[in-house]
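Asks: following is a predicted model, sequence given first.
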Amino acid sequence: MSMARLVVTAVRLEGRTKSEVARDYGISRQWVHELVRRFDTEGEAGLEPRSRRPRASPGRTQGIIEDEIVELRKDLLDQGLDAGAHTIRFHLTKGHGGAPSVATIWRILSRRGFVTPQPQKRPKSSFIRFQADLPNERWQADITHVRLCEGDDVEVLNVIDDHSRFLLASDALEVFKAADVVASFCGAAAAHGFPASLLTDNGAVFTAAPRGGRCAIELEADRLGIKMMHSSPYHPQTCGKVERFHQTLKRWLAKQPRVLSIPALQAQLDTFRAYYDEQRPHRALGRRTPAEAFAARPKAAPSRAPIPEGYRVRRDRIDAAGGVTLRHDSRLHHIKVGRRHAGTRVLMLVAGLDIRIVDTDGELLRALTLDPSKTYQPLGKG
């Protein structure tokens, strides 16, 4: 028998006073009066447990705001974008100048069935986070795979800044070769400056150490004074930031129309890169965008002398006569490489007057110092 029924029985059937019953059962006299009143008014139903929820909650979030939170959640999920409470609050604040707390948004999403609590998951506070102190102090680069509409597998090279998570490059090719990695890296550097160090895994396009040598990106990094670092074998956590970005990118791509070609995929990558860098608030950055974090501090730089002005990368194919052309100071120069290389696709790495020509596997075919006074640069002259 419940306490309420014991109290009512003692008063109504045993004839004991309310004060006596309150003293004997260790409850207040007012509660005894209330239970007897409920019984007299409603009978046995009046003794059933009742909700303690207040009749009104003046501080509760208005229904229209709750509906907007739910719509934002659905819209972000449909686009394949982050839809957590922090991101929703960011968008609400941006649109209204204010928003409910993150905890309130989380409770609303839970009540509406959008969040399933997972108390068994390891708390984020238990993770040890390593982060570069300055932009361009360390870049992370890695290649992931994406399928086109007809099932063709293509590779996507992503390069991010370790400090700000700024997406520096996101390029798609059927297969990345060593020279392609250098081209993407140098394209990012031309826009954002060269980093002090570059961190990658042990893929063949990133390191030739297992083969007893050095690949194109290692040679270029060494020449530029950039510290080249590689993760431990079978330990992707070392490159965790770019690995995590792969997931974010693929979740977004999964919500986009499937494309047939690499150029169409590249257009999607460019669209997401603009959104990710300029609009998406990043939780690890205090809800700032990567672009804001990248611009907030001075940039680190390679350890050696500054990179000469005019640093650029140019793709070309060696012609039937064994040469390539390069325009310098509005004048076209012909550079001899050798007839045996005719038809070879090459990458020309230009730093002022210093020119290095490598093939797609990263092998150096010729290095020279351009003589601006001469139109033709024959072999053996530089």
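Replies: Happy to help now that I have it.
Asks: thought residue 232 was touching residue 239?
Replies: No. If you go by CB atoms under 8 Å, residue 232 and residue 239 don't touch, sitting 10.1 Å apart. The C-beta positions use only the backbone N, C-alpha and C, and glycine is treated the same way.
Asks: ranges for the strands of the stretch 51-200 of the chain?
Replies: 139-147, 153-161, 167-173, 197-200 (DSSP state E, counting those that start in this stretch).
Asks: check what pLDDT residue 53 gets.
Replies: With respect to pLDDT, residue 53 scores 66.
Asks: which stretches of the stretch 251-382 of the chain have low pLDDT?
Replies: Low-confidence segments of the stretch 251-382 of the chain (pLDDT under 70): 283-285, 305-310, 381-382.
Asks: and the helices in it?
Replies: For the stretch 251-382 of the chain, the helices defined by DSSP state H, counting those that start in this stretch cover 262-278, 290-295.
Asks: hmm, back to that, more neighbours: residue 232 and residue 239, which one.
Replies: residue 239 (22 against 10; other CB atoms under 10 Å).
Asks: let me have the helices of the stretch 251-382 of the chain in a markdown table, extended by distance to residue 154 and mean neighbour count.
Replies: Formatted as a markdown table, those follow (distance: least, CB to CB, whole Å; neighbours: other CB atoms under 10 Å):
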| stretch | distance to residue 154 | mean neighbour count |
| --- | --- | --- |
| helix 262-278 | 6 | 17 |
| helix 290-295 | 25 | 19 |
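Asks: could I get the ones you listed as a markdown table with distance to residue 28?
Replies: Output for the helices of the stretch 251-382 of the chain, formatted as a markdown table (distance: least, CB to CB, whole Å):
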| stretch | distance to residue 28 |
| --- | --- |
| helix 262-278 | 61 |
| helix 290-295 | 58 |
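Asks: how's this structure carved up into domains?
Replies: Domain assignment for the chain by automatic domain parsing gives 3-47, 63-117, 139-295, 312-377.
Asks: of the ones you listed, flag the one that's most buried.
Replies: Using mean count of other CB atoms under 10 Å, the stretch among the domains of the chain with the greatest mean number of neighbours is domain 139-295 (a mean of 18).
Asks: what residues are up against residue 272?
Replies: Contacts for residue 272 were tallied using CB atoms under 8 Å, 6 or more residues apart in numbering; they are 170, 249, 252, 253.
Asks: please name the bridge partners of the first one.
Replies: Meaning residue 170. Note on residue 170: beta-bridge partners by DSSP bridges are residue 158.
Asks: pLDDT score for the spatially most central residue of the chain?
Replies: Geometric centre of the chain, nearest residue: residue 245, 3.8 Å, by CA atoms, centre = their mean. Residue 245 is assigned 92 on the pLDDT scale.
Asks: pretty sure it sits against residue 162.
Replies: No. Assessed by CB under 8 Å, residue 245 is found out of contact with residue 162, at 11.3 Å.
Asks: what sits in contact with each of these two?
Replies: Among the neighbours of residue 245, none is also in contact with residue 162 (CB under 8 Å, 6+ apart).
Asks: returning to that earlier point: let me have the contacts of residue 272 in TSV, adding distance to residue 349 as columns.
Replies: As requested, these are exported to TSV (distance: CB to CB, whole Å):
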residue	distance to residue 349
170	22
249	28
252	33
253	32
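Asks: and residue 230, its phi and psi?
Replies: Dihedral pair for residue 230: phi -130, psi 150, per degrees, to the nearest 10.
Asks: that one against residue 208, yeah?
Replies: No. Counting by CB under 8 Å, residue 230 does not reach residue 208; the two are 11.0 Å apart.
Asks: check which helix or strand the closest residue to residue 47 other than its chain neighbours maps to.
Replies: Spatial nearest neighbour of residue 47, chain neighbours left out: residue 4 (4.2 Å); criterion: CB to CB, 6 or more residues apart in numbering. Using DSSP states H and E, residue 4 sits within helix 3-8.
Asks: now do the helices in the stretch 1-150 of the chain.
Replies: Along the stretch 1-150 of the chain, counting by DSSP H, counting those that start in this stretch, helices occupy 3-8, 18-25, 29-42, 63-78, 85-96, 102-111.
Asks: tell me what the shortest one is packed against?
Replies: When contacts are defined as 3 or more CB pairs under 8 Å, 6 or more residues apart in numbering; DSSP states H and E, helix 3-8 packs onto helix 18-25, helix 29-42.
Asks: and for that helix, what's in contact with it?
Replies: If you take CB under 8 Å, 6+ apart as the criterion, helix 3-8 is touched by 21, 25, 27, 31, 32, 35, 36, 39, 47.
Asks: change it to 6 Å
Replies: For helix 3-8, the surrounding residues in contact (CB atoms under 6 Å, 6 or more residues apart in numbering) are 21, 32, 35, 39, 47.
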